[in-house]
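# sequence and predicted structure are below.
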Amino acid sequence: MSQFPGGLLGPDGFPLDTIRLVGIRATGYHGVLDHEKRDGQEFGVDVTLHVDTRAAAAGDELSATTSYADVAADVVDIVTGPSADLIETVAERIAATVLTNPGVHGVDVTVHKPEAPIPVPFDDAAVSIRRDRVVRRPAVAPVPIGGSAEESALENLPPAPVVVGHVRLPDDGAAAAVPAAAPVPAPPTEVPAAPVPTGAIPAGAVPAEAVAAEPAPAEPAYVVDAPSFEPTAAAVPLAVDEGDVHTVGEGEAPVEPDDAGTGPVAVDEVIAPTEPEPEPEPAVPAAPTGDVMDVVPEKFVDVVLALGSNVGDSKQSLRDAVTDLDRIQGLELREVAPLARTEAVGGPDQDDYLNTVVIARTTLSPRSLLHECQAVETAHGRERAERWGPRTLDVDIVSYGSIVDETRDLTLPHPRARERAFVLEPWAQIDPDAVLLGLGGGPVAALAGTAPDAGGIRWMALDWLTDAPMSGPQETVAPAEVQEAPAPAQAPTPAPAPAVAPPADPAPVHDERPAPAEQPVPVAAASTAPPTPAPWAPPESFQPVGYGRPAERDVERPDFPARPQPVGPRPVDSQGLPAQVTGQQPNVPSTPESWTPSAPQRRRVLGPPDDTTS
Ligand SMILES: Nc1ncnc2c1ncn2[C@@H]1O[C@H](COP(=O)(O)OP(=O)(O)OP(=O)(O)O)[C@@H](O)[C@H]1O
Ligand SMILES: Nc1nc2c(c(=O)[nH]1)N=C(CO)CN2
């Protein structure tokens with residue numbers, strides 16, 4: 001039995017396929033005791049990759065899948081590489097490194113240590129972990145593969161971060177800072193000479209200088225489809241991971257896939273450009289059965305995404321969703337709009353929404369992007385009970401380049417964007433010149449003003465991504481009349497920033513969390529709250545992403561507010577109040593008279609909500 005009954009669900013809501021490696025063996029130098037680091041011992045590893053194998057099978061094409069030989073070689077390199085005290089760490093390194101393969105959505109790793117120094121008879125000591133790209137990310141950085149132990153020592157990693165398969169470089173080629181990176185574990189002071197790595201090395205995960213690897217050994221260093229790892233010293237063979245059938249577990253019903261996911265394979269999801277690459281790879285042909293939505297672009301294409309939530313801690317969900325979206329391989333976030341509190345449009349009676357819009361660019365095909373967005377929704381507990389019903393998270397594609405088309409599962413631009421102020425208004429805030437293509441389209445700012453729900457936008461907050469509780473002399477608590485937050489005692493206090501963001505152990509997918517009515521979303525949290533690091537800091541690659549237009553456009557448009565500092569003391573107005581609360585940004589008129597139908601002077605809505613209980 002697997003340690004993890006139940007498979008991982010893919011972006012289409014169905015269980016992913018698996019590729020398993022069982023019983024990989026190698027000598028490693030891991031352990032707390034000196035002699036373990038000095039003499040080494042045998043370790044065993046089982047790995048299960050959660051992947052979609054259809055594209056590879058359709059073309060019978062190795063390059064469209066993850067080579068188990070490469071994975072096995074990586075595992076051996078990690079086991080034989082720098083010493084760690086704990087097999088937990090070894091397992092985490094393996095998971096992080098395996099997840100750098102673009103097609104791997106999740107991975108299960110078991111590390112066996114059958115010769116562990118335990119003074120009683122035992123068969124095996126083992127640690128099993130499951131990691132994925134969205135919910136439970138690895139806690140360490142992936143290990144560069146292919147060098148000597150010294151070369152691959154973790155201290156040589158760039159100062160970055162937990163990388164979860166999305167190694168992204170900003171345009172200048174510098175390593176991107178990933179939000180709330182876990183500290184890279186310090187390498188041991190003495191690294192034992194590791195055996196020469198064996199096996200093939202995946203080009204994508206190997207530093208250029210290390211590509212000249214050893215030739216593949218005559219005897220592979222791994223065993224495929226062998227019985228589960230059986231420790232040589234054990235009298236009784238073990239059966240860890242035996243019968244590792246990854247079906248959907250009980251009570252883990254597949255998400256209703258709507259009409260998506262039943263169609264052609266999104267090939268590009270598997271063979272997307274291998275990062276880190278400053279520029280996208282040349283276009284890969286779409287699946288033969290694909291339509292325009294399966295076409296992988298040759299260059300980055302601008303996209304606009306709309307996010308909404310009205311169940312649970314909506315602001316935190318949206319923050320996490322921004323982080324999750326930014327980690328999607330092939331999607332680069334450029335700007336994030338202010339957070340809007342909006343009256344629910346359509347559907348049953350329900351709480352107000354928090355809405356925002358993200359401008360990004362992508363090398364994913366439209367359908368792959370849809371699936372990635374749906375995966376983020378799913379990871380946030382999205383349930384599809386009724387149309388336009390309440391939801392923990394909604395991520396819609398508003399527009400994708402200049403595509404105007406309708407297919408069975410995707411319509412671009414989004415068919416209802418043109419009539420939704422909750423989309424148009426935040427969008428116009430970050431791109432006042434934006435134009436919505438297609439029938440009924442037009443200048444976004446103008447559409448926002450005439451949309452039926454234009455009056456339903458209650459307020460907006462500019463620095464919602466980073467508004468940690470405030471402290472310090474100039475960060476005065478806003479008086480009640482301008483504070484949209486609940487009284488200090490009720491203000492939710494964000495948890496301290498976790499080692500890995502978002503929290504390593506987030507709320508279960510179907511967690512019942514208080515609705516916004518009970519947990520209003522503050523813009524300015526109470527000063528009585530302890531100073532806490534912002535739960536999310538924009539990564540470097542995010543610059544000039546912000547709550548407004550990019551820096552270069554600031555020059556052209558002096559009316560545009562300076563982008564707030566993402567962390568640290570926030571701008572305050574003459575009353576010592578956070579600027580966004582009183583709406584004193586230059587382009588946010590505080591009086592209705594200053595509205596005009598043209599952007600950006602028609603911006604409005606900053607200020608306190610007209611009610612906090614929806
Ligand atoms: N541009 C688009 N963005 C997102 N989903 C789309 C788009 N066009 C079509 N769809 C399809 O709509 C289906 C329903 O999506 P979803 O559950 O997010 O709808 P909704 O948010 O309740 O309503 P609405 O589509 O009005 O926003 C998805 O399964 C998807 O296939
Ligand atoms: N205010 C608001 N209303 C909605 C929203 C939303 O995001 N915000 N989403 C819907 C379906 O996508 C239906 N209605």
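Great, that's in hand. The structure presented is a predicted model; accordingly, all values stated were derived computationally and were not measured. Ligands and ions are numbered 1, 2, ... in the order given.
# direction included, what does the helix or strand containing residue 24 pair up with?
Using DSSP states H and E, residue 24 maps to strand 17-28. Partner strands and pairing direction for strand 17-28 (DSSP bridges) are strand 41-51 (antiparallel).
# tell me how many other residues crowd the residue in the stretch 451-600 of the chain that ligand 1 sits nearest to.
Of the residues in the stretch 451-600 of the chain, the one nearest ligand 1 is residue 453, at a distance of 12.6 Å by C-beta to the nearest ligand atom. Backbone N, C-alpha and C define where each C-beta goes, glycine included. Applying other C-beta atoms under 10 Å, we find 19 residues neighbouring residue 453.
# for the one helix or strand residue 56 maps to, packing partners?
Assigning secondary structure by DSSP H and E places residue 56 in helix 54-59. For helix 54-59, the elements it packs on are helix 267-270, judged by 3 or more C-beta pairs under 8 Å, 6 or more residues apart in numbering; DSSP states H and E.
# quick one: average pLDDT of the helix it packs on?
Summarised as a single mean, pLDDT over helix 267-270 is 28.
# do stretch 327-343 as well
Rounded to a whole number, the mean pLDDT of stretch 327-343 is 95.
# anything in it near ligand 2?
Yes - under the criterion of C-beta under 6 Å from any ligand atom, ligand 2 is reached by stretch 327-343 at 342, 343.
# returning to what we had before: any idea of the mean pLDDT for the helix or strand that comes right after the strand holding residue 24?
Reading on from strand 17-28 to the C-terminus, the next helix or strand found by DSSP H and E is helix 34-39. Helix 34-39 carries an average pLDDT of 95.
# does the helix or strand where residue 305 lies reach ligand 2?
Residue 305 belongs to strand 301-309 when assigned by DSSP H and E. Yes - against ligand 2, strand 301-309 shows contacts by C-beta under 6 Å from any ligand atom at residue 308.
# helix or strand right after that strand?
For strand 301-309, the following helix or strand on the C-terminal side (DSSP H and E) is helix 314-326.
# for that following helix, C-alpha coordinates in CSV please.
Coordinates of the C-alpha atoms in helix 314-326 are reproduced here as CSV (Å, rounded to 0.1, in the frame of the first residue of the first chain):
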residue,chain,number,x,y,z
SER,A,314,-11.2,35.9,0.7
LYS,A,315,-8.4,38.3,0.8
GLN,A,316,-5.9,35.7,1.9
SER,A,317,-7.2,33.3,-0.8
LEU,A,318,-6.7,36.0,-3.4
ARG,A,319,-3.2,36.7,-2.1
ASP,A,320,-2.4,33.1,-2.2
ALA,A,321,-3.9,32.8,-5.7
VAL,A,322,-1.7,35.6,-6.9
THR,A,323,1.3,33.7,-5.5
ASP,A,324,0.1,30.5,-7.1
LEU,A,325,-0.5,32.0,-10.4
ASP,A,326,3.0,33.6,-10.4
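# what packs against the helix or strand encompassing residue 95?
Counting by DSSP H and E, the secondary-structure element that holds residue 95 is helix 87-98. With contacts defined as 3+ C-beta pairs under 8 Å, 6+ apart, the secondary structure elements packing on helix 87-98 are strand 41-51, helix 68-80, strand 106-112, strand 126-132.
# what's the most buried one of those?
Neighbour counts averaged per stretch over the helices and strands packed on helix 87-98 are highest for strand 106-112, at a mean of 28; criterion: mean count of other C-beta atoms under 10 Å.
# got the angle for it vs strand 41-51?
Following axes from the mean of the first three to the mean of the last three C-alpha atoms, to 10 degrees, one obtains 160 degrees for the angle between strand 106-112 and strand 41-51.
# what angle sits between strand 106-112 and strand 126-132?
Counting by the same axes, to 10 degrees, strand 106-112 points 170 degrees away from the direction of strand 126-132.
# what mean pLDDT does strand 106-112 get?
Along strand 106-112, the predicted local confidence has a mean pLDDT of 94.
# partner strands of it and their direction?
In its sheet, strand 106-112 lies beside strand 41-51 (antiparallel), strand 126-132 (antiparallel), with partners assigned from DSSP bridges.
# just the angle for that strand relative to helix 87-98, thanks.
Angle, strand 106-112 to helix 87-98, by the same axes, to 10 degrees: 140 degrees.
# which residues of this protein lie near ligand 1?
Counting by C-beta under 6 Å from any ligand atom, the chain sits next to ligand 1 at 258-260, 370, 384, 387-388, 394, 396-397, 409-412, 414, 416.
# list buried residues within the residues you listed.
Buried positions within these, assessed by neighbour count (16 or more other C-beta atoms under 10 Å), are 260, 370, 394, 396, 397, 409, 410, 411, 412, 414, 416.
# of these, the lowest pLDDT goes to which?
Among these, residue 260 carries the lowest pLDDT, at 34.
# rewinding a little: distance to residue 348 and secondary structure added to the buried ones among the residues of the chain next to ligand 1, as a markdown table?
Converted to a markdown table, those look like this (distance: C-beta to C-beta, whole Å; DSSP: H, G, I helix; E, B strand; the rest coil):
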| residue | distance to residue 348 | secondary structure |
| --- | --- | --- |
| 260 | 23 | coil |
| 370 | 25 | helix |
| 394 | 15 | strand |
| 396 | 19 | strand |
| 397 | 25 | strand |
| 409 | 24 | coil |
| 410 | 26 | coil |
| 411 | 24 | strand |
| 412 | 28 | strand |
| 414 | 21 | coil |
| 416 | 17 | coil |
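# can you narrow those to ones near ligand 2?
The subset of those lying close to ligand 2, counting by C-beta under 6 Å from any ligand atom, consists of residue 394.
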